[in-house]
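J.: only geometry, no sequence info:
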């Protein structure tokens, strides 16, 4: 279980956020939602231990095996797709053949089985993001941090990747922290939302969407989905 | 090879034009000697010329290699320790502004006559581009990639060898290309004061008004510069082909 207690982050003299109190359970899919510049990515970086809190505390479970997906695909241009994905394996005890097996398996999952030998410059934007996700998922990651990973993609690829991510999460039930400024994306993907309302930085909200088991493609067309999108958009604007 | 075609055509045309004008008595060979005269001069002074050429070439390659090792190592140390960087790098910039021709006599006093002074002079001139370019490359690595290595618990050494150095590769190589030309300049400046090589040949030819011999030496220096660039291109090809940076 991960817990944030009275967490606050200050940049120079300005508080980015303050008095955050959130808890997660293993296997939660949490979207961190709010307008640009509200501190979503900073919070994600703090959760991933890439940054520190200015006040309060963060309790993390021991021995987490985290994966991180940035907004850009962040691939090393001098490495092939397989080699880039292999970076995600942090274990030193794993043999080369096991490593290659894991790389092949995850490449199959992200539909890039035939592209292992290609270099990043030979890939489309969607393929690059798939490689980045594969690198984050490999080696049975228990926690996944995603910082607006689909923001730069077109709708068609974005919907496809959202559905694939959801399928993978349903199968493996790792904890996911997903930063986005899209209400639609957060409602579609997550079980819980951490809301950063606009212009009212003291009132952070945690919402449990209480979604039942659903088929991703049908869910996007459902009245429940539209109701939640409208409700959360209103909350973010401070109208609710 | 296609990229060198316009230059080759231009050089050939100028060479032929000078040759023809000289034959017609419309060219002063004391100003710029025709290619045939330079070629004859090299043949006449074969032993002295090739011995000087070999000395200068050897010292240029040695100096470039030493500059790379020193410049690259210093850049790595600077990138790992900001305090050392802030202490030493401004001094490197300061010394870079001092002309080598003013330093070279001092090097003779410290190191005496001989190859050690020539190498010191060449390293002094050619180390800075490698140091500065490598440092820029190491300092401009994508922040997200550095964090990625942090998330996957890579050590500082792994980050250096598998991310920072390959990520700075193009900067390092650009520095090396600039330094290869400077190494030849530094060697010649060193030879002017410490003796030996094509630098010394130019100096003595100047006192004897042997323009043809000066031009022969200049062509020799250009060939050394080209050989260095060719060697660097071969190394670049091998590195990009065999990619020794795989994690």
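T.: Arrived safely, thanks for sending. Just so you know, these numbers come straight off a predicted model, no measurement behind them.
J.: which stretches of the chain aren't confidently modelled?
T.: In the absence of a named chain, chain A is used. For chain A, applying pLDDT under 70 flags the ranges A:91, A:198-202, A:213, A:239-240.
J.: my bad, the chain I had in mind was chain B
T.: Across chain B, the ranges flagged by pLDDT under 70 are B:1, B:247.
J.: from the centroid of it, which residue is nearest?
T.: In chain B, the centroid-proximal residue (Cα atoms, centre = their mean) is residue B:180; its distance is 1.9 Å.
J.: just say helix, strand or coil for that one.
T.: Following DSSP: H, G, I helix; E, B strand; the rest coil, residue B:180 is assigned to helix.
J.: enumerate every residue touching it.
T.: Going by Cβ atoms under 8 Å, 6 or more residues apart in numbering or on different chains, residue B:180 touches B:64, B:126, B:225, B:228-229, B:232. The C-beta positions use only the backbone N, C-alpha and C, and glycine is treated the same way.
J.: go again using 6 Å as the cut-off
T.: Residues in contact with residue B:180, defined by Cβ atoms under 6 Å, 6 or more residues apart in numbering or on different chains, are B:64, B:228.
J.: quick one: it from chain A, how far?
T.: Distance, residue B:180 to chain A, using Cβ to the nearest Cβ, to the nearest Å: 23 Å.
J.: for residue B:137, same thing?
T.: Using Cβ to the nearest Cβ, we find residue B:137 at a distance of 13 Å from chain A.
J.: sec struct for that residue, please.
T.: At residue B:137 the chain is in helix, as set by three-state DSSP.
J.: share the number of residues neighbouring residue A:61, please.
T.: Using other Cβ atoms under 10 Å in any protein chain shown, residue A:61 has 13 other residues around it.
J.: let me fix that: residue B:3
T.: Other residues lying near residue B:3 total 6 when counted by other Cβ under 10 Å.
J.: and the residue lying farthest from the centre of chain B, what does it touch?
T.: Farthest-out residue of chain B from its mean C-alpha position, per Cα atoms, centre = their mean: residue B:151, at 40.4 Å. Counting by Cβ under 6 Å, 6+ apart, residue B:151 touches A:66, A:68.
J.: so where does residue A:35 fall, helix or strand?
T.: Counting by DSSP states H and E, no helix or strand carries residue A:35.
J.: residue B:159 now?
T.: For residue B:159, the host element (DSSP H and E) is helix B:156-159.
J.: ok, now residue B:241?
T.: Per DSSP H and E, residue B:241 falls inside helix B:211-242.
J.: so that helix, near chain A or not?
T.: No. Contact of helix B:211-242 with chain A (Cβ under 6 Å from any Cβ of the partner chain) is absent, the minimum separation being 8.2 Å.
J.: immediately after the longest helix along chain A, which helix or strand?
T.: For chain A, the longest helix by residue count, based on DSSP state H, is helix A:155-172. Remark: after helix A:155-172, the chain's next helix or strand is strand A:175-180, criterion DSSP H and E.
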